[in-house]
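**Q** Kindly generate the corresponding structure for this input.
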Amino acid sequence: MKIHLIAIGKKMPEWVNTGFSEFSKRMPPELQINLIEIPSSVRNKATPIEKNIKEEGERIQSAIPANSRLIILDEKGENFSSIDLSNKMENWLPMGQDVSIVIGGADGIDKTIKQNADELWSLSTLTMPHSLVRVFIAEQLYRGWSILKGHPYHRE
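**A** Residues are numbered from 1 along each chain as shown. Next up, the predicted model:
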């Protein structure tokens, strides 16, 4: 099983790549994180936001591996704890189905993709930069795995 992190955005600073890599390399072989980067649409005052959202939505849709469980990060999604995420991960494993987690662009995610999602997740009611979200998701996935394995990384 793979977890595909599909992220809209431009070239990330090296600290983002280092942080993401640090947590993704800690994942076990049976639960690898695969980063799929998609360039954001070119933004200017003359281009309608809806056009950018649609263009990015088409690129996201084509990047989602077939038959994967689709999770969209959205401010109106479900908010849960690290323990809850660990429980979700425990349920994913026996399904044998890849999981795709989508980080949308600055203007949001196309409503068609949201409608096709299996779950909508909210990481926080705060607005976060896309660069931090990549690192945060990788860290939380590692934390969820460590909870499943009784590893002392997570403390309660």
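
**Q** Let me know the pLDDT of I36.
**A** On the pLDDT scale, I36 is placed at 96.

**Q** Mind pulling up the pLDDT for E75?
**A** 89.

**Q** just so I have it, where are all the strands in this protein?
**A** Taking DSSP state E, the strands of the chain run over residues 2-8, 32-38, 69-78, 99-103, 119-121.

**Q** quick one: contacts for the residue most central in space within the chain?
**A** Nearest to the mean C-alpha position of the chain, by Cα atoms, centre = their mean, lies I101 at 3.5 Å. The neighbours of I101, taking Cβ atoms under 8 Å, 6 or more residues apart in numbering as the test, are I3, H4, L5, I6, I71, I72, L73, W121, I137. (Each C-beta comes from the backbone N, C-alpha and C, glycine too.)

**Q** sorry, back to before: and the strands of the chain as a markdown table, adding distance to P129?
**A** A markdown table is the format used below for the strands of the chain (distance: least, Cβ to Cβ, whole Å):
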| stretch | distance to P129 |
| --- | --- |
| strand 2-8 | 12 |
| strand 32-38 | 15 |
| strand 69-78 | 13 |
| strand 99-103 | 11 |
| strand 119-121 | 17 |
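
**Q** With respect to T47, which of those lies nearest?
**A** Proximity to T47 (Cβ to Cβ) singles out strand 2-8 among the strands of the chain, at 15.4 Å.

**Q** Run through who's touching the closest one.
**A** Outside strand 2-8, the residues touching it (Cβ under 8 Å, 6+ apart) are 31-40, 56, 59-60, 63-65, 68, 98-105, 130, 133-134, 137-138, 141.

**Q** Direction included, what does it pair against?
**A** The pairing partners recorded for strand 2-8 under DSSP bridges are strand 32-38 (parallel), strand 99-103 (parallel).

**Q** The longest helix seen in the chain versus strand 2-8: what angle between them?
**A** Counting by DSSP state H, the longest helix found in the chain is helix 130-148. Per axes from the mean of the first three to the mean of the last three Cα atoms, to 10 degrees, the angle that helix 130-148 makes with strand 2-8 is 160 degrees.

**Q** how many degrees apart are helix 130-148 and strand 69-78 in direction?
**A** Using the same axes, to 10 degrees: helix 130-148 against strand 69-78 is 100 degrees.

**Q** Report the rounded mean pLDDT for helix 130-148.
**A** Throughout helix 130-148, pLDDT has a mean value of 94.
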